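Q: sequence and predicted structure below; questions after.
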Amino acid sequence: MDIRVLKYFVMIAKEENITRASEKLNITQPTLSRQIQDLEEEIGATLLIRGKRKVTLTDAGFLYLQRTKEILRLVDKAERDVQNESDTVAGIVTIGCVETNAAEYLMEMVALFMKKYPLVTFEFYNGFSDDIKEKLDLGTIDVGILIEPVEAAKYELYQLPIKERWGLIANADDPIAKKSNISIEDILDLPLIVTNRDIVKKELESWLGHELEELNIVATQNLLTNTTLLLQKIRAYIVAVEGAFTIRPLENLTFIPFSPTRETGHVLAWKKNKVFHTAVSKFIEEFK
């Protein structure tokens, strides 16, 4: 499969018109149409619905566009890595990081690294641990900061000196907000919003001594952006780590830690047996 044709397909999807796409790509419209028809025949699926004035993606086309963009990002990254390989510490380091207090720690390390190696630039991706691990597996990011627990089979892990307390995020005017901490027994009947990470769900079940199906779970989430808004409209409580809240606190919400204290750590992770260009290798070395 020709990478060039994948770029053609992405341009058509962007422009929603084969003629405009051909003008942007500096090729003739019949040539572009033939290339996409050949692509559809090669993969055995119709990608475009061709109208008089515009083209739209089929369901298969939407899925193929997503995967094509991932492939092109990876190809672009591979080209940059090869170009940047030299004795000079230069190039781009791509990092994924969870939205907790670990982000502040990461930026302190990046700031120090930039002063020491000014030719290195960075690309940052925010997300939850599973999203970051997927990008590590695809190779679209070099390293990631993950919140534990983390499956260790595929990754090299470096433990970070950052612990986060678990607890509840609640409305500040809720009677529970007056507590300095909250016991496991106190939350069993509350309407809860919990993580959708399976590995963390199992950890929560171990802490609580109850399966989550036994609790009053009203929603699940991966990041707090939307559910903190929901919390202000209904009576509910988010089970989360403290740093996920304090990294962007809201005045009308508060965090109450669990008692006994439940903590979790963070790791810097990268794929095992992966060969990095000089800047990434140096960053991992300096970070450690």
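A: Yes, it's here.
Q: for residue 33, list the residues it contacts.
A: Residues in contact with residue 33 (Cβ atoms under 8 Å, 6 or more residues apart in numbering) are residue 18. Just so you know, the C-beta spots here come from the backbone N, C-alpha and C atoms, and that holds for glycine as well.
Q: likewise for the one 10 residues further on?
A: Contact analysis of residue 43 by Cβ under 8 Å, 6+ apart lists residue 64.
Q: which positions within the longest strand seen in the chain qualify as buried?
A: Identified as the longest strand of the chain according to DSSP state E is strand 155-171. Within strand 155-171, the residues that qualify as buried are 155, 160, 162, 164-171, counting by 16 or more other Cβ atoms under 10 Å.
Q: and it, how far from the chain's centre?
A: Distance, stretch centre to chain centre, for strand 155-171: 16 Å (Cα atoms, centre = their mean, to the nearest Å).
Q: same question for stretch 214-231.
A: 18 Å.
Q: repeat that for stretch 201-221.
A: Here stretch 201-221 is found 23 Å from its chain centre; the criterion is Cα atoms, centre = their mean.
Q: dump it to CSV, keeping only the CA atoms.
A: Backbone C-alpha positions of stretch 201-221 (Å, rounded to 0.1, in the frame of the first residue of the first chain) are rendered in CSV as follows:
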residue,chain,number,x,y,z
LYS,A,201,-12.1,-1.1,39.3
LYS,A,202,-10.6,-4.3,40.6
GLU,A,203,-8.4,-2.4,43.0
LEU,A,204,-11.4,-0.4,44.2
GLU,A,205,-13.3,-3.6,44.8
SER,A,206,-10.4,-4.9,46.9
TRP,A,207,-10.3,-1.7,49.0
LEU,A,208,-14.1,-1.6,49.5
GLY,A,209,-14.6,-5.3,50.1
HIS,A,210,-17.6,-5.1,47.7
GLU,A,211,-18.0,-5.7,44.0
LEU,A,212,-18.9,-2.4,42.2
GLU,A,213,-22.2,-4.0,41.0
GLU,A,214,-23.3,-3.9,44.6
LEU,A,215,-22.8,-0.2,44.8
ASN,A,216,-24.9,2.7,43.6
ILE,A,217,-22.9,3.5,40.4
VAL,A,218,-24.6,6.2,38.4
ALA,A,219,-21.9,6.8,35.8
THR,A,220,-18.3,6.0,34.8
GLN,A,221,-15.6,8.3,33.4
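Q: ok so, going back, please identify which of the buried residues of strand 155-171 is nearest to residue 177.
A: Nearest to residue 177, judged by Cβ to Cβ, of the buried residues of strand 155-171 is residue 170 at 5.2 Å.
Q: which residues touch residue 274?
A: residue 139 are the contacts of residue 274 under Cβ under 8 Å, 6+ apart.
Q: measure it to residue 37 for me?
A: Distance of residue 274 to residue 37, computed by Cβ to Cβ, to the nearest Å: 38 Å.
Q: can you pull the contacts of residue 263?
A: Residue 263 neighbours (Cβ under 8 Å, 6+ apart): 163-166.
Q: one more pass at 6 Å, please.
A: Counting by Cβ atoms under 6 Å, 6 or more residues apart in numbering, residue 263 touches 163, 165.
Q: so what's residue 258 bridging to?
A: Bridge pairing for residue 258 (DSSP bridges) gives the partners residue 182.
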